[in-house]
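[1] how would this look folded up:
(one chain, ligands or ions: 1)
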Amino acid sequence: MQGSQEVVVLRYGHRPGRDDRMTTHVGLTARALGADRVIFPDNATQGADTVADITDRFGGPFEIEQTDSQAAVVRNWAGPVVHLTMYGLPIDDVEGEIQAAVEADPLLVVVGGEKVPFDLYDHADWNVGVTNQPHSEVAGLAVFLDRFFEGRELDTEWVDAERTVIPKATGKKVVSGDDTASDVADTDGDS
Ligand SMILES: C[S@@+](CC[C@H](N)C(=O)[O-])C[C@H]1O[C@@H](n2cnc3c(N)ncnc32)[C@H](O)[C@@H]1O
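    Numbering: from 1, shown residues only. Next up is the predicted model:
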């Protein structure tokens, strides 16, 4: 997030077909809620294309990368690593420590799909639970990012957007570019 510590999200594991929507939503959630970059596995091309397309249309900065070795990304990460898991320590107990630990090197936030390798629990500096109940990587990531940024991510200013949504009590209003002062288009399109 601009003017804040760098945060990178790693989507660990992807089953083409079955996980396409979830992986895409991990990327969209990372982008919308303040992360600077998402790293997808090599086989998540559809998700990577969709997140890149949304970034082109609705603005950045946000980077999308793919890797052929998620394990190596974690192993070689210079900064702190958080692994979100229902088995981890309560987020309330560790969020302050994590915020304090992120300085020059970016924070890596890892979310799984199906079972992640047990090594990941050892490599992570914190295994963090957003409750100790099973739910989803998208929900866990959203809550984690909001806690980490303490809500500041909700005020992100997007740049180089092809279109910008103007909040309305009812209906939909979208203007061209990132000039929120102009009023050039109303649309019924979803995105
Ligand atoms: C289908 S779940 C698999 C649940 C898995 N057994 C676990 O370790 O959390 C996929 C991903 O959702 C995230 N997740 C699910 N429940 C979570 C929770 N309570 N807290 C944090 N992350 C969670 C984890 O990143 C997990 O890898």
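[2] Let me know the secondary structure of the residue nearest the centre of the chain.
    Within the chain, the residue whose C-alpha comes closest to the C-alpha centroid is Ala30; the distance, by C-alpha atoms, centre = their mean, is 1.4 Å. When the structure is split into helix, strand and coil by DSSP: H, G, I helix; E, B strand; the rest coil, Ala30 lands in helix.
[3] contacting residues for it?
    With contacts defined as C-beta atoms under 8 Å, 6 or more residues apart in numbering, Ala30 is in contact with 9, 37-38, 62, 141, 145. Where C-beta positions appear, they are placed from N, C-alpha and C, glycine not excepted.
[4] In space, what's closest to the residue of the chain found nearest the ligand - neighbours in sequence excluded?
    With C-beta to the nearest ligand atom as the measure, the residue in the chain that lies nearest the ligand is Gly112; the distance is 2.3 Å. Across the structure, with C-beta to C-beta, 6 or more residues apart in numbering as the measure, the residue nearest Gly112 apart from its sequence neighbours is Tyr12 (5.0 Å).
[5] number of nearby residues for the one you found?
    23 (other C-beta atoms under 10 Å).
[6] residue contacts, it?
    The neighbourhood of Tyr12, defined by C-beta under 8 Å, 6+ apart, consists of 41, 70, 74, 110-113, 116, 120.
[7] same thing but at 6 Å, please
    Residues touching Tyr12, when contacts are defined by C-beta atoms under 6 Å, 6 or more residues apart in numbering, comprise 70, 110, 112, 116.
[8] Check Arg31 too.
    When the contact criterion is C-beta under 6 Å, 6+ apart, the partners of Arg31 are Phe62.
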